[in-house]
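**Student:** generate a structure from the sequence data that follows.
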Amino acid sequence: MNRRILYIIVGFMVLLLAQGTTVSAASGGAGETPSPAPTAAPSAVPTAQPPEEKEIKKIDVLSTVTRVAYGDHFDTSFISVQVTYEDNSISIVKPDTISTIDTSRLGEQKIKVTYSGKEAEFTLYVMPRKAGGLKRKASDSTSVTVTWNVLEEAESYVVYTSDSEAGSYTKKDTVTKNEYTFKNMKPGVLVYVKVRAAAGDDMGEFSDPIVIAPKPGQVTGVKAVKNVKTKITLQWDAAPGATGYAVYYRVSTGTAYALAGYTTELSYQVLDLTAGKDYYFIVYAYAATEDNLGDGSVPALYGTAPSIPSISKVKGGDKRVKVYWTKGSGAVTFRIYVSTNRNSGYTLMTAVTNRSYKIAAADGLKNNKTYYVKVEAVRTVSGIVMSSTSDPVSAKTKKAKATSTKAKLYKTKKKFKKSAACKKYKEFNSRVVYGKSFVLPGLLVTNVAGFNSVRMVPQSIAFAGNYLLISAYDYTKAQESVIYVMDKATRKYKTTVVLPHTGHLGGIAYDGTNIWMTHGKKLECIPYSTIKNAADSGAAYVEIFELASVYQTAETISYVSYYKGKLWAGAYNEKSKKYMYGYSIRNKNSAPALTRTNRMLMPNRTQGVAFTSGGKMIISRSCQTMKGRSGFMSRLDTYKPTWDLSKNSIKKNKMKKTVKMPPMNEGIAVSGSYTYVIFESPAFSECKAPVDRIAAFKTKKIS
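**Tutor:** Below you'll find the model as predicted:
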């Protein structure tokens with residue numbers, strides 16, 4: 001084999017390794033689909049050349065695009081030239097020149113290329129661009145209008161349809177505008193649409209397909225089939241022409257609907273709702289695409305089940321159990337079930353409406369038995385009853401003792417007069433009227449609605465109608481706070497009103513219609529009728545589970561009194577003076593409400609305040625259980641304020657009188673010509689001078 005032939009063979013091998021396969025020039029006539037854009041040909045790989053100069057026989061155009069869209073850039077790097085020499089050797093090179101290519105002109109163009117003085121040509125076809133932007137413009141129950149982007153080079157557009165996206169497309173019509181209306185369509189039948197731009201005999205590529213269908217009918221029969229805490233399952237009837245459904249919802253108190261999701265079924269579970277809330281739901285049918293919606297269903301109101309109640313405590317009392325729970329938000333009613341078996345046999349004992357304090361009792365049980373209690377939270381929306389039930393909690397019942405009515409410390413006047421309170425506090429001893437004083441009930445034991453407390457701490461007093469009311473709280477917080485009801489004339493115990501909390505009842509007052517109590521940063525009230533009915537009932541106790549109203553204050557309130565048509569309430573502080581505020585009262589007979597109107601700067605360590613008919617103000621001040629302790633005080637101070645209620649600030653003026661008291665004097669009240677003071681000292685064994693009476697004094701003797 002001679003050296004020249006060897007060079008040719010080596011050159012071709014290098015070329016094949018570099019290019020892979022050779023791409024031949026494509027050809028095609030008008031109306032054919034353009035070929036895919038080719039990969040750019042690599043730079044020509046020179047063949048091995050003999051030392052002497054070779055003569056070119058001819059050149060041919062290789063690896064070029066034959067069809068290009070209108071206005072597109074034509075990349076001349078796609079063009080390569082195959083050079084054939086006289087000895088039939090071949091090399092691949094880039095052309096020296098290429099004639100102008102104008103893609104702004106539709107149709108056939110002859111493109112000339114040259115290399116080393118030799119010329120060749122190829123044919124390039126400039127076609128209309130690919131149609132794009134197809135979308136549904138409008139639809140009704142029998143027709144759909146489709147639109148697409150305008151192409152300046154297009155003289156017309158050819159519309160094609162198919163019954164499947166990947167199927168064979170058939171020409172439907174030719175139009176000159178960039179929209180087409182499909183008429184007499186069948187409900188629910190999907191039609192796939194493509195469009196080609198045309199100019200003379202030249203046609204562009206097919207557009208991407210879209211699917212259309214006529215507008216579906218309205219959804220009917222929407223109903224909830226399952227309602228739980230955070231999910232609602234809806235069902236509805238099939239809508240004519242629907243291929244799917246869109247579900248929207250909004251909370252009943254809102255206005256804007258949110259998309260829950262899409263489905264091709266006749267049901268849908270709406271997730272991530274809030275327990276105990278009401279929602280409106282609208283279901284739309286769609287056809288072909290999710291934005292081709294029919295008319296929405298009539299809004300349907302349904303709600304989620306209440307959140308599951310959480311029992312915080314169950315107490316076993318005298319032939320009853322008392323249950324406390326939290327949560328159950330959204331419930332209208334709570335049902336209390338009781339059983340002697342944890343897993344079965346539950347009986348509905350009582351049902352209570354939703355209220356501020358989630359407490360209820362089940363009565364009629366047997367003592368010394370263990371009972372299991374469940375709480376069911378219930379609400380009804382659009383006729384659907386929904387509920388959530390707590391896990392059971394058990395408690396054992398036991399008999400309770402009656403509230404003690406005898407004096408805890410001093411059974412007789414003689415013993416009382418020999419007490420440390422009388423011996424050490426001469427002013428107290430000389431002024432106290434034993435025969436008008438009240439024995440404090442409940443200090444030995446209090447029947448708190450079937451449960452016993454032996455650590456009740458008396459706090460304050462108020463005269464209301466025919467009764468003296470005594471507020472007290474359980475030092476251990478195991479039992480609820482109470483109001484002892486005493487007969488004003490006979491000074492005998494009548495009954496106990498049990499409140500729905502264990503708060504520190506620092507003060508109590510009567511405004512002629514309602515009873516007001518202090519509880520932390522709140523002034524709470526119940527109607528006087530509650531007290532009277534309890535006293536008339538003859539029952540050992542009466543429970544209340546709801547308050548008439550609650551007024552929120554800026555700081556913890558320790559005492560409250562009533563004078564000149566206003567409530568007067570203030571905070572306790574050992575070291576600092578604090579304001580007592582006056583409040584006007586509105587809506588006494590319905591939902592009592594307060595408006596702050598006046599203030600008076602009070603001395604520190606104020607525990608209670610009372611007012612005489614002559615305008616004097618007697619302040620009960622105390623701190624600590626015994627002398628020698630920091631801040632110790634126990635006395636009554638009398639002032640004669642300037643009662644100009646038209647002014648914001650009321651002047652207290654100078655103190656007129658001070659009377660020393662035994663330790664731990666608390667609330668104070670005036671009735672007729674007597675002033676009464678209560679002491680919390682008998683609840684504290686460390687106090688060495690306790691007083692187990694509501695001590696009575698001639699008002700003129702202490703003021």
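**Student:** mind listing the strands in the stretch 1-150 of the chain by residue range?
**Tutor:** Assigned by DSSP state E, counting those that start in this stretch, the stretch 1-150 of the chain shows strands spanning 56-62, 67-69, 80-85, 90-93, 97-98, 107-115, 118-127, 135-139, 144-147.
**Student:** which stretch among those strands comes nearest residue 643?
**Tutor:** For residue 643, the closest of the strands of the stretch 1-150 of the chain is strand 135-139, at 79.3 Å, according to CB to CB. Any C-beta I mention is one placed from the backbone N, CA and C, and that applies to glycine too.
**Student:** can I get the CA coordinates of the closest one in CSV?
**Tutor:** What follows is strand 135-139 as a C-alpha-only set of coordinates in CSV (Å, rounded to 0.1, in the frame of the first residue of the first chain):
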residue,chain,number,x,y,z
LYS,A,135,-56.2,28.7,26.0
ARG,A,136,-59.8,28.5,26.6
LYS,A,137,-61.3,32.0,26.2
ALA,A,138,-65.0,31.2,27.1
SER,A,139,-67.3,28.3,27.4
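**Student:** gap between the two ends of stretch 197-206?
**Tutor:** End-to-end distance of stretch 197-206 (CA to CA, to the nearest Å): 8 Å.
**Student:** figure out which of the strands of the stretch 1-150 of the chain is closest to residue 387.
**Tutor:** Among these, the nearest to residue 387 by CB to CB is strand 135-139 (44.6 Å).
**Student:** direction included, what does that closest one pair up with?
**Tutor:** Strands adjacent to strand 135-139 in the sheet, as given by DSSP bridges, are strand 144-147 (antiparallel).
**Student:** ok, residues contacting the partner strand?
**Tutor:** By CB atoms under 8 Å, 6 or more residues apart in numbering, the surrounding residues in contact with strand 144-147 are 133-139, 159, 178-182, 185, 191, 193, 195, 210, 212-214.
**Student:** just the buried members of the residues you listed?
**Tutor:** 134, 136, 139, 159, 178, 180, 182, 185, 191, 193, 195, 210, 212-214 (16 or more other CB atoms under 10 Å).
**Student:** select from these every entry located in strands.
**Tutor:** Judged by DSSP state E, the buried ones among the contacts of strand 144-147 include 136, 139, 159, 180, 182, 191, 193, 195, 210, 212 as members of strands.
**Student:** what's around the residue nearest to the last one when sequence neighbours are not counted, how many residues?
**Tutor:** The spatial neighbour of residue 212 that comes closest, neighbours along the chain excluded (CB to CB, 6 or more residues apart in numbering), is residue 144 at 4.5 Å. When neighbours are defined as other CB atoms under 10 Å, residue 144 has 23 of them.
**Student:** quick check: bridge partners of residue 144?
**Tutor:** Judged by DSSP bridges, the bridge partners of residue 144 are residue 139, residue 182.
**Student:** for the ones in strands among the buried ones among the contacts of strand 144-147, work out which two are farthest apart.
**Tutor:** 139 and 195 (17.4 Å).
**Student:** which pLDDT value belongs to residue 65?
**Tutor:** Note on residue 65: pLDDT of 81.
**Student:** then residue 20?
**Tutor:** pLDDT, residue 20: 37.
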